[in-house]
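Visitor: I'd like to go over a predicted model; first the sequence, then the structure.
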Amino acid sequence: MKNTMGNVSRRSFLKTGAVLGGGVVAGGMPLSQVIWAAEGKVLKARSPRDIETFDPGFYHGETDVAVMNCIYSKLTRYTPGTKWGWELEAAEKIEQVDPTHVRFRLKKGIKFTGGHGEMTAKDVKFSFERVIKHNSPTKPDWGSFDRVEIEDDHTGVIVFKAPYVPVWMLTLPFGVGHILSEDAVMKATKDGGDFGLKPPAFSGPYLVADWRPNQYLLLTRNPDWSGPKPGFDEVRILPISDIKSAERAYQAGDIDFTHISLDSLATFKDAPLADTTIEEKPSLDYGWIGINMDHPKLKDINVRKAIQWAINVPQILDAAYAGHAVVATGTIAPGIVGHRDKALVPPEGDVAKAKEFLGKAGVSDLNLTIDCLNGSTDSTIAAMVQAQLSQIGITVQVNTQDSGSYWSLGMESEGDRWKDLQLFVMKFDGFPDPSPATGYFVSSQVGVWNWQRFRSDRFDELNDRALTINDPNERAKLYYEMQDIMEQSGAFRFLTHGGDAAIYRNTRMQAATRPDGRALYVDFKPI
């Protein structure tokens, strides 16, 4: 999720690399000369990763969904601004009929490209049900979903086996809510499964005109689009994994919108860049140190607790975020139902207590590995954990990896590397509903997104129950207990939700983002 949160931003099958910032690519020419010669109403934005899939039923994280929002349609969509909400998109009307039934009526005249006809309720049924049928890693987003019943060409009812509260703020307006052409997908895949990086048809205001892996993604206007006209003729997205490189690319004029690091925020405030607007938003993402409970060296809970107590979170945040990030109390961010006031293990930890746990385990001269993405922030976090664990006699080797390698580490479907996974630096995308912050750690997610291989029957029971409860206070109690169980397992050391800051060139655009700062490209307006 998810990065997902993402989750995710979470998974990649491509060996992606950063486009170098500072106005140059590998050949030494400015990006503007290498890729595009002419300028019009063009939005040039940075993405932290290359596109990993164009299939919304199997999205890997926020990076993918940001593009899918441009090239497909959903029943509803998030509204830009500072408050979380949703509005109609492909739906002309949608309503909760009862706790387990949601009726929708599609707008008429939404066309799929490639001669695949008008969007109908059959396409909605196909798009939603295929996520479950093909056992997609994203199926937790659908919760207790059962089926879609078709009433006529444009009307249908989404049926759940039990009440599912997150449908409104997670499922429909985000990744798996995108609607595909059944005819196009079936012709492309034969079984309706994952089409990956080969989208068979589009239904949004943009379509994919060109994609060069690790270089750029170019979106242009969809001539079949009958909805409101977006502000830009083209959207050009450059994958730049390292955020410092992205900042340099912005200053060089290669991009006009990017997120920036928290430690650079103060610098840009003190010395403002010309024609630049800075926007700060609270992040819902959640980062942690994960511990593989099934690894022979980490099976003893006393070893895991020693690691938890040896990690000093404020020290890590000072080094990785220049002190601008706040300590997390769990996976659920402040302002979201279920956010805990404090964690069970104090943020500073306790070296003496950590040594006591190691003594109970009867372990000495322990050698471990910690895996992380090769960006500057994650590498710094891993190096700090390495230094802190050395204080209790644990030697840690840091393995930095590109996203293509990293995001397959804990996936059983990608081979046996999960068996060697020990410690890892992780961050998932956060959402305005708390369910993804726990849903990817249920037992059925072991070997998928649950790389800790954490299992708890009580946790699974609470997670299922929390999805059915409307009362926020009662729902919050369940999420408090779930995060307690996660922490008590010794498999998680919560770090931070980070923060979000973006800059954009105000002589060229008015940016449009969600309340957590994530870009909604369709809503950007040219100046």
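Guide: Received it, and whenever you're ready, just let me know what you need.

Visitor: show me where the stretch 401-527 of the chain has helices.
Guide: With DSSP state H, counting those that start in this stretch, the ranges of helices along the stretch 401-527 of the chain come out as 403-406, 436-439, 457-466, 472-488.

Visitor: that should have said the chain, apologies.
Guide: Remark: helices assigned in the chain by DSSP state H are 31-34, 62-71, 121-133, 182-189, 243-251, 262-270, 301-310, 313-321, 351-361, 376-390, 403-406, 436-439, 457-466, 472-488.

Visitor: what's next to the fourth one, contact-wise?
Guide: Which is helix 182-189. Residues from elsewhere that reach helix 182-189 (C-beta atoms under 8 Å, 6 or more residues apart in numbering): 112, 114, 116-117, 122-123, 126-127, 130, 192, 195, 198, 200-201. The way it works is simple: take the backbone N, C-alpha and C, and place the C-beta from them, glycine included.

Visitor: can you give me the end-to-end span of stretch 65-82?
Guide: 20 Å (C-alpha to C-alpha, to the nearest Å).

Visitor: buried residues in that stretch?
Guide: Buried residues in stretch 65-82, counted by 16 or more other C-beta atoms under 10 Å: 65-80.

Visitor: so for stretch 224-232, what gets flagged as buried?
Guide: Quick answer for stretch 224-232 (16+ other C-beta under 10 Å): 224, 225, 227, 230, 231, 232.

Visitor: adding distance to residue 479, write these out as a markdown table.
Guide: Compiled in a markdown table, those are given as follows (distance: C-beta to C-beta, whole Å):
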| residue | distance to residue 479 |
| --- | --- |
| 224 | 43 |
| 225 | 40 |
| 227 | 37 |
| 230 | 37 |
| 231 | 38 |
| 232 | 39 |
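
Visitor: pLDDT weak spots in this structure?
Guide: 1-40 (pLDDT under 70).

Visitor: give the residue farthest from the middle of it.
Guide: Distance from the centre of the chain peaks at residue 362, with 39.1 Å (C-alpha atoms, centre = their mean).

Visitor: so how far is residue 354 from it?
Guide: Using C-beta to C-beta, to the nearest Å, residue 362 is found at 15 Å from residue 354.

Visitor: cool, residue 123 as well?
Guide: Using C-beta to C-beta, residue 123 is found at 55 Å from residue 354.

Visitor: as CSV, the helices of the chain with distance to residue 277 would be great.
Guide: Formatted as CSV, the helices of the chain follow (distance: least, C-beta to C-beta, whole Å):
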stretch, distance to residue 277
helix 31-34, 21
helix 62-71, 20
helix 121-133, 37
helix 182-189, 39
helix 243-251, 12
helix 262-270, 11
helix 301-310, 41
helix 313-321, 22
helix 351-361, 44
helix 376-390, 23
helix 403-406, 29
helix 436-439, 30
helix 457-466, 38
helix 472-488, 34
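
Visitor: if we can go back for a sec, ok, residue 123 and residue 354, which is more surrounded?
Guide: Between residue 123 and residue 354, counting by other C-beta atoms under 10 Å, residue 123 is the more crowded of the two (27 against 23).

Visitor: wait, the more buried one touches residue 178, no?
Guide: No: using C-beta atoms under 8 Å, residue 123 is not in contact with residue 178, being 10.6 Å away.

Visitor: quick one, what contacts residue 310?
Guide: By C-beta under 8 Å, 6+ apart, the residues touching residue 310 are 349, 351, 354, 388, 389, 391, 392, 394.

Visitor: now it: closest residue in space that isn't a chain neighbour?
Guide: Spatial nearest neighbour of residue 310, excluding adjacent residues (C-beta to C-beta, 6 or more residues apart in numbering): residue 354 at 3.9 Å.

Visitor: next: residue 217.
Guide: residue 237 (4.4 Å).

Visitor: try residue 301
Guide: residue 490 (4.9 Å).

Visitor: pull the number of nearby residues for that neighbour.
Guide: Neighbours of residue 490 using other C-beta under 10 Å come to 24.

Visitor: ok, residue 88 to residue 77 distance?
Guide: 8 Å.

Visitor: let me redo that: residue 229
Guide: 16 Å.

Visitor: cool, and residue 179?
Guide: Noted for residue 179: a distance of 12 Å to residue 77, by C-beta to C-beta.

Visitor: ok, now residue 379?
Guide: Distance, residue 379 to residue 77, using C-beta to C-beta: 35 Å.

Visitor: likewise for residue 361?
Guide: 50 Å.

Visitor: and residue 371, by the same measure?
Guide: Between residue 371 and residue 77 the computed distance is 35 Å (C-beta to C-beta).

Visitor: do the same with residue 251
Guide: From residue 251 over to residue 77 the distance is 32 Å, taken as C-beta to C-beta.

Visitor: before we move on, the earlier item: could you identify which of the helices of the chain is most buried?
Guide: Across those, averaging neighbours per residue (mean count of other C-beta atoms under 10 Å) puts helix 436-439 on top, at a mean of 28.

Visitor: how far is it from where the chain is centred?
Guide: Once both centres are worked out by C-alpha atoms, centre = their mean, to the nearest Å, helix 436-439 turns out to sit 12 Å from its chain's centre.

Visitor: for it, packing partners?
Guide: Packing partners of helix 436-439 (3 or more C-beta pairs under 8 Å, 6 or more residues apart in numbering; DSSP states H and E): helix 457-466, helix 472-488.

Visitor: and those as JSON lines, adding distance to residue 424?
Guide: Formatted as JSON lines, those follow (distance: least, C-beta to C-beta, whole Å):
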{"stretch": "helix 457-466", "distance to residue 424": "20"}
{"stretch": "helix 472-488", "distance to residue 424": "15"}
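
Visitor: please tell me how far the nearest residue to residue 425 once chain neighbours are set aside sits from residue 495.
Guide: Counting by C-beta to C-beta, 6+ apart, residue 372 is the residue found nearest to residue 425 once chain neighbours are left out, at 3.9 Å. Per C-beta to C-beta, residue 372 is found 12 Å from residue 495.

Visitor: mutual contacts of the two, please.
Guide: Shared contacts of residue 372 and residue 495, defined by C-beta under 8 Å, 6+ apart, comprise residue 381.

Visitor: which of the contacts of helix 182-189 lies closest to residue 44?
Guide: Comparing the contacts of helix 182-189 against residue 44 with C-beta to C-beta picks out residue 198 as the nearest, at 25.1 Å.

Visitor: okay, now that closest one: neighbour count?
Guide: Applying other C-beta under 10 Å, I find that residue 198 has 11 neighbouring residues.

Visitor: that one contacts residue 53, doesn't it?
Guide: No: between residue 198 and residue 53 there is no contact under C-beta under 8 Å: 9.8 Å.

Visitor: just to revisit the earlier point, from residue 355, how far off is the residue farthest from the centre of the chain?
Guide: Distance, residue 362 to residue 355, using C-beta to C-beta: 13 Å.

Visitor: could you do residue 508 as well?
Guide: Between residue 508 and residue 355 the distance is 56 Å, computed by C-beta to C-beta.

Visitor: got the contact list for the closest residue to residue 437 other than its chain neighbours?
Guide: Using C-beta to C-beta, 6+ apart and skipping residues adjacent in sequence, the residue nearest residue 437 is residue 331, 3.9 Å away. By C-beta under 8 Å, 6+ apart, residue 331 lies in contact with 286, 288, 428, 437, 438, 441, 483, 486, 494.

Visitor: between the buried residues of stretch 224-232, which sits nearest residue 156?
Guide: Nearest to residue 156, judged by C-beta to C-beta, of the buried residues of stretch 224-232 is residue 227 at 20.1 Å.

Visitor: nothing else from me, thank you.
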